[in-house]
Every structure is written in C-alpha cells, then in structure tokens.
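Peer 1: got a structure for you, letters missing:
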C-alpha cells in the first residue's frame, strides 16, 4: 500500500470519482488552471477539461448556489471554498437551501452536493485564513459534516461524500495537507459517513477528537504510555451525524474522557459530545468530562506568540491527558 | 395592449406563432389564476386558511412567459406569486389548493411549506424557499448542467424587483454571463417590496443591471401578454443558440396587499391602486381576443362558470383532504432516514 500525504489522498479521491462518473465535477476559485491555491485540484483540468475543473468567479454564494442547482438537476458537484473562513457568504445557500431541499419538497427533490472547505490554523493565516467554522453548520439537520484526520479517511470519506444523495460538508485541515502521511489503498473504497474510528486502544483515559488535534493526541498518547498512562483514542471522523454508539463505547472503556478540538470551546462539537455522554452514562464516569479547545476569541492572531497561544499542540494535549489520568 | 395595437393589426399573436386556440388557452390560464387567487383571499378572510400571498396583477406576464417556454423540457424556478406560471406549466388547481390547505397530498411540499412555495419534479418546477433570490444561482446551476450534458433546454427564473438587490441575484447573473449559460431571468417588477416603493429600492433600472454582466436586459410591459411572450421567446432562442442569458424586467403592479398579513393602505393610496387596476392586462387581453373575432361575452361567461366549478371542486378537495400525520414531520431529512426521522 502506498504511503501518501493527506492532500494527495483528497486529490486522488476526486480524480477517481471523476473517472468513474462523468457527472462529478469540481468548481471553485482557482481550481482549474492553477490547480487550487493549495494544489488540491492539480492535474484535474488537464485530465478532465475546463468544464469539469471549473474556475469560477470570486463569489462564494454563487459557487454553492450553482453547485446546488446542478446537483438538483442530477450532477454530483464538488464545490470548493478556498478557505472555510470565506464560506460565510455561502451560508444562506448551505443552510437555507441545500440542507432543506429534501425536507421542504417532501422527498421530491434532493441535493447531492459536496462542499469542501479547508479549516484550521497554525499556518500564520491570521484571523481570516485559520478558522474552524464547524459549529456554525453543526446542528443544522439535513447536512452531513465530515472532518478526516488520516489520509485513508480523507480519501474514503470524500468518495463517500461524492456518492451520498444528500449535502455533505467536507472540512479538510490545511495543516494536515503535507504534514500527515499514511497508507492509502490505490483501489476503490469508501469510509462510511457516520462512523467513528478507534485510533488507539487504552485503559486509563479516553480522548475524543477530530482533524489535526488527533496528531497531537497520538504523539502525547505514545509519550504518556512510557509514563504508564494508557489512552484510548477515538477519531470522530464524521461530526454530523455523530457516532453516538462509538462515543459511548469508548467512554465506557475507561470512565474518563477528554474531548479535544481546535474550534473554540463554547458551543463547539465537544459540547454536544459532552451532553451525549452526560445523558447516557453520567454515573459510570470516574472524573468530570473535560474539554480542551481553542479559546473563545473571534479567531487566532497572526503574530507568532498569539497564534501559538491559540493553537493546540502536543504539550497542551499531553498535560490535559495527564491531568485527567491523575484525577 | 400597447397603444400601437389597433384592431387593424390585431393578429399579433399569429405573427408570433401563437394559434387562436393557444391565445384562448393563455387567457384561460390568466383568468384561472386570477379567480384562484381571489378565492384563496376569501378563504383566508373566512378563517379557513391562515395565510395567502397574492399574485393579482402579475398573471399576464407569468402566463405569457410560460407559453413562450418549452413546457416539456425547460426547468422552472418561479417565485412565490407565480400561480399563473405554475398553472400554465401543468400544476392543477387541486394541487394548488392542497398546498393552500397544507395537506399531505400537496405535491409542492406535502403541506410543509407556505402556499406559493412551489416545487414539482414531475413538472420540472424546482423547489423554492422563502429567503428571496436564492433560486437565481440554482437556475444558473441547472443551466450549467444542461450545457455540460449538451441538453437543449433553458432554465427560467423569476423574482421581484426588491430581490434584484440581493447578492444572489448579482452573483448568479455574473456567473451566467461569464459562462454564457442558457438561463432566462425575469424580474416581475410589481413596484413594491412589501411597503417599500421602487424609488426607495432602486436608483436605476433592473434591466440595466444586465449591462454589467455582459448580456442583454430588456424592459417589457408586463400587462402586454404578447410582448412578454415575444421577449421570452427571443431570450429562449438566444439561450439555445449559445448566446447566453437574458434579463427581462416585466413592469406590472401588485394590485393586492403584499400578503394577507399586510395592510397596504398604510403606505399607498386607494387612488393609486385603482389607477393601476385600470391597466390590468387580463381585461385588455380579453378585449384583444374579442377584437380578433375569436372571443365573445357568451364564451367568456361559459369560461367563468367552468373556472368557478373547477375552483369549487379544488377547494372542496383541498379542504377535505387529510393533513399530514404529526409523525410524518420527522421524515425526509436525509435519504432513507429512520422511521422517527433523522439518521440515528
């Protein structure tokens, strides 16, 4: 099995889906000739032509809205938001339209669109090239939301998203693009939307996360193992719908849970995960539910100390994990 | 009709390729939409239904546009006043009444959405929402798909002049212009966005906005059925020839209040409304048909009676039809969702 990086896995998923189904196409700013500002769509124009790797005007609501229209016609568009920070002009199209098309038409119409959007900081992107907007869309019925961490899941979840008959937001992490490598099968496979994945088995504490912070969690878990602390690590992979059974099973294993994400704490995915745990197995817990998240500030600053202070890292995660273990 | 029309030139419809039968069918649709609308207003006043948003004063342009399109292949994205349009592309009075009464059998939304929120895959009427103008990019996306799949069809989208201020109008127009897509955008300029008159909505003309997007924009008298038919037909020919979008601004007047929750005399005078009622295109089109010698008062009386009967039938049908079950409100969030709704 080939070891490739996260961005190559995303690119491969699009290439394979476009080869298999001529209704699949990519549209967005700079996705054609340039191949994307991060090179995510590199080579697609050369292989599939300019209509299927479509450079659009700089206009996010139109990118989403046109993709929604094409999807209602029967196409399988992948709409790229260049940065998730810039997808807010498209929010009305995503929340008022895509999410509600099946419901409002009583199952007559559907909207099989994929919205890809890069999230996350640590790249000196400042306030508007670093955000994690998951919580804005989370809790909107009708949307599915995925946020892969491993290249294997990046490919498999994107292929599943393209084939899904409902709208899927695909949050890919910018910092993961080149940094995270992993084994990715060259053959066709999908990762089911709605299923979490156990990254590491352990007995003392459970850590639940998604996207980039899992990198820090895995590193911290390896180091804590040497201190005799054994961590059980769950990758949510899909944020909506949450894999409730996997969450409960993972927490039950150790009775102590830490939830980690880069999006700010208040109203984040972790709040919902905490509520699920509290509702279902409060009396099985041996410690209060803990969360480690981005601070409740509008977004991270560009100055290096400020960005570092906002971002999670191995040390912060390790400390939180140790505190939970020692509780 | 326009002042240039005299009885001596009264076969304009034949010149446009409209048969006598089709001209009468157009009139039938206009009158049906008007009588439907009046009935629903009465139903609301009588407390039988909660809400109605009226299209009175706009039917002529709606019907004329529909007749200029290919009702077998084109895609339609009407806005919430387009009763005349959806009737013309095949929605029935019973189906509209099912929507008015919010009943389970309503094909538009199964009784989920307000009346006027049309949708029918069978008729290629694309499901719509209430935040205005979101349908413009959808129409552009459908036109893009048609171009990609080499299909000979257009998408036709309507909206009000207030809506033409929304970003989605501009973003959609620009996208369509850049890619020369087969989309026809028709603004039903009824002079009011609820209470705000056109002078406070627009400093220029809606039609002129097309200039900035590189395609033609034309103004047309929305009370002149044949002129609306002509410009929509020309726009369709341009679209199919690969020449791209057309923006049509059909000028008309909203004779009804914005909705049954609106008191329009708080912001406009009775005199102004009456002045515009005199310009109503439906009696004008009737007179045109009479002048052509293909219509008369006797036929008109028969038609009125027939429409009344159909509306009575549809009203009774809609009224008696069952509501959706409470539990069904949890269904169709996602494909194949669980019995209790949602995915879990």
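Peer 2: Ah, there it is. Please read all numbers here as calculations on a predicted model, not as lab measurements.

Peer 1: Count the residues that sit near residue 234.
Peer 2: By default, I'm working from chain A. By the criterion of other C-beta atoms under 10 Å in any protein chain shown, residue A:234 has 27 neighbours. In short, each C-beta sits where N, CA and C put it, glycine included.

Peer 1: that's the wrong chain, I meant chain B
Peer 2: Residue B:234: 16 surrounding residues under other C-beta under 10 Å.

Peer 1: what sits against it?
Peer 2: Residue B:234 makes contact with residue B:246 under the criterion C-beta atoms under 8 Å, 6 or more residues apart in numbering or on different chains.

Peer 1: Could you find the closest non-adjacent residue to residue B:172?
Peer 2: Among residues not flanking residue B:172 along the chain, residue B:136 sits closest, at 3.6 Å (C-beta to C-beta, 6 or more residues apart in numbering or on different chains).

Peer 1: mind checking the SS state of the one you found?
Peer 2: Following DSSP: H, G, I helix; E, B strand; the rest coil, residue B:136 is assigned to helix.

Peer 1: what residues are up against it?
Peer 2: Per C-beta under 8 Å, 6+ apart, neighbours of residue B:136: A:65, B:77, B:157, B:159, B:168-169, B:171-173, B:185.

Peer 1: what's the most distant pair in those residues?
Peer 2: Distance extremes for these: the farthest pair is B:77 and B:171 at 15.1 Å, using C-beta to C-beta.

Peer 1: need the residues of the stretch 101-250 of chain B near chain A, please.
Peer 2: Proximity of the stretch 101-250 of chain B to chain A is confined to B:106-113, B:117, B:119-121, B:126-127, B:129, B:131, B:134, B:136-148, B:155, B:167-168, B:171-172, B:174-175, B:178 under the rule C-beta under 8 Å from any C-beta of the partner chain.

Peer 1: Can you show me the helices along the chain?
Peer 2: As the question left the chain open, I've gone with chain A. Ranges of helices in chain A, per DSSP state H, are A:6-20, A:44-48, A:60-73, A:91, A:101-104, A:134-137, A:151-163, A:176-179, A:213-226, A:244-254, A:269-281, A:304-310, A:314-326.

Peer 1: Switch to chain B, please.
Peer 2: Counting by DSSP H, the helices of chain B are B:12-15, B:20-45, B:59-68, B:83-88, B:93-100, B:135-148, B:167-178, B:198-201, B:225-240, B:270-277, B:281-291, B:297-320.

Peer 1: Nearest to residue A:315, out of the ones you listed?
Peer 2: Across those, closest to residue A:315 is helix B:167-178 (C-beta to C-beta), at 44.0 Å.

Peer 1: how about that closest one: buried residues?
Peer 2: For helix B:167-178, burial by neighbour count (16 or more other C-beta atoms under 10 Å in any protein chain shown) applies to B:167-178.

Peer 1: Same check on stretch B:290-298?
Peer 2: For stretch B:290-298, by 16+ other C-beta under 10 Å, it's B:290-292, B:294-295.

Peer 1: and for it, what are the contacting residues?
Peer 2: Here stretch B:290-298 makes contact (C-beta under 8 Å, 6+ apart) with B:7, B:10-11, B:13, B:20, B:23-24, B:27, B:286, B:289.

Peer 1: Let me see the contact set for the residue lying closest to residue B:214 once chain neighbours are set aside.
Peer 2: Spatial nearest neighbour of residue B:214, excluding adjacent residues (C-beta to C-beta, 6+ apart): residue B:177 at 4.4 Å. Counting by C-beta under 8 Å, 6+ apart, residue B:177 makes contact with B:213-215, B:244-245.

Peer 1: mind checking how far residue B:177 is from residue B:143?
Peer 2: Per C-beta to C-beta, to the nearest Å, residue B:177 is found 11 Å from residue B:143.

Peer 1: Tell me the pLDDT of residue 154.
Peer 2: Chain wasn't specified; assuming chain A. You'll see residue A:154 listed with a pLDDT of 98.

Peer 1: was after chain B, sorry
Peer 2: Residue B:154 is given a pLDDT of 98.

Peer 1: Check residue B:2 too.
Peer 2: 43.

Peer 1: Then residue A:148?
Peer 2: 98.

Peer 1: Enumerate every residue touching the residue lying closest to it once chain neighbours are set aside.
Peer 2: Leaving aside its sequence neighbours, residue A:148 sits nearest to residue A:154 (C-beta to C-beta, 6+ apart; 4.3 Å). With contact set as C-beta under 8 Å, 6+ apart, residue A:154 has these partners: A:6, A:9-10, A:13, A:148, A:172, A:176.
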